[in-house]
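Novice: 3D, please:
(one chain, ligands or ions: 1)
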Amino acid sequence: MRPFVFVNLAMSADGKLSTRERRQVKISGPSDFRRVDEIKAGSDAIMVGIGTVLADDPSLTVKSEELCAQRRSEGKEEHPIRVVVDSHARTPPDADILHKGVGRRVIAVSEAAPEERVSLLRESAEVVTFGREHVDLSALLEYMGDTGVKRLMVEGGGTLIWSLFADDLVDELYTCIGNVVIGGKDAPTPADGEGFITEKDFPRLSLTGLESLDEGVLICWKVIR
Ligand code: NAP
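Specialist: Below you'll find the model as predicted:
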């Protein structure tokens, strides 16, 4: 069975995840930083697309020493399993996600991934293959569920989030809206990809929370099925 999947993102007041150059920027404030660290620590795995790894080089580790200690006391690894959705095994072998912090890493590739790049990645991560050209997200999530992941957090970016919605694989969405305007028609947004065409295909959300946070707001949604 697939895990419970929630997406967490920070976007500008005008709905952008980063700049048109896809450069990571600070959108939310310190309270949101702590909140994200807490939900990360409460997850079994945290997943990003290769676009995010190439743009931001994130480690996706839990930052607070206290939260790390709490996880250890519960018999868990200090950090959740880090998962990269990377059809062609483009994750750089020196990426922070492969080296910062202890714990399991999973790189999900497709059958189209070149074997030599896969072999290199196998030195620092578990490499799993699902899908022919692109990673089959449904199969990947089933696999994560079968290997003990109950709660999986998705950190982005917009292309991966779009596919997860298109495949009906998202349970909750947390959007932190920060007090900046980024602009740019080509800047990433929370769900990029092809986009839905007909209204009947739009995933419907039910509002479960709304609070002010730092100089912005946090909105929590549940996907209606
Ligand atoms: P992304 O969503 O991180 O990764 C997309 C890539 O994943 C695809 O191009 C594809 O490349 C791979 N992939 C493999 N299988 C897939 C599938 N079934 N469906 C979708 N993707 C699949 O990249 P992005 O949209 O370029 O987003 C990166 C940007 O988002 C950066 O600018 C980053 O700073 C920003 N970001 C912002 C936040 C925030 O909260 N503000 C969070 C994260 C990222 P291959 O086919 O080659 O594998």
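Novice: Run a quick neighbour tally on residue 118.
Specialist: When neighbours are defined as other C-beta atoms under 10 Å, residue 118 has 15 of them. C-betas here are computed from N, CA, C, even on glycine.
Novice: after the host helix or strand of it comes which helix or strand?
Specialist: According to DSSP states H and E, residue 118 maps onto helix 115-122. Under the assignment DSSP H and E, the closest C-terminal helix or strand after helix 115-122 is strand 126-129.
Novice: Against which helices or strands is that next one packed?
Specialist: When contacts are defined as 3 or more C-beta pairs under 8 Å, 6 or more residues apart in numbering; DSSP states H and E, strand 126-129 sits against strand 105-109.
Novice: Do the strand it packs on and the ligand come into contact?
Specialist: No: for strand 105-109, no contact with the ligand is found by C-beta under 6 Å from any ligand atom; the gap never falls below 7.6 Å.
Novice: Pull the number of nearby residues for the residue nearest to residue 210 when sequence neighbours are not counted.
Specialist: In space, and not counting its chain neighbours, residue 210 is closest to residue 219: 5.6 Å by C-beta to C-beta, 6 or more residues apart in numbering. Other residues near residue 219 come to 17 when the count uses other C-beta under 10 Å.
Novice: which ones are touching residue 219?
Specialist: 174-177, 207, 209-210 (C-beta atoms under 8 Å, 6 or more residues apart in numbering).
Novice: Which ones among those map onto strands?
Specialist: Secondary structure assignment by DSSP state E places 174-177, 207, 209-210 of the contacts of residue 219 in strands.
Novice: Contact residues of the chain facing the ligand?
Specialist: For the chain, the contact set with the ligand under C-beta under 6 Å from any ligand atom comprises 9-10, 17-18, 22, 24, 27, 48-52, 55-56, 85-88, 90, 134-135, 137, 155-160, 163, 188, 192.
Novice: Report the buried residues of the longest helix seen in the chain.
Specialist: For the chain, the helix with the greatest residue count under DSSP state H is helix 30-41. Going by neighbour count (16 or more other C-beta atoms under 10 Å), the buried part of helix 30-41 is 31-33, 35-37, 40-41.
Novice: ok, now stretch 17-33?
Specialist: Buried, per 16+ other C-beta under 10 Å, within stretch 17-33: 17-19, 22, 27-29, 31-33.
Novice: want to throw the residues you listed into JSON lines with pLDDT?
Specialist: Output for the buried residues of stretch 17-33, formatted as JSON lines (pLDDT from 0 to 100):
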{"residue": "17", "pLDDT": "98"}
{"residue": "18", "pLDDT": "97"}
{"residue": "19", "pLDDT": "97"}
{"residue": "22", "pLDDT": "93"}
{"residue": "27", "pLDDT": "97"}
{"residue": "28", "pLDDT": "96"}
{"residue": "29", "pLDDT": "96"}
{"residue": "31", "pLDDT": "97"}
{"residue": "32", "pLDDT": "97"}
{"residue": "33", "pLDDT": "97"}
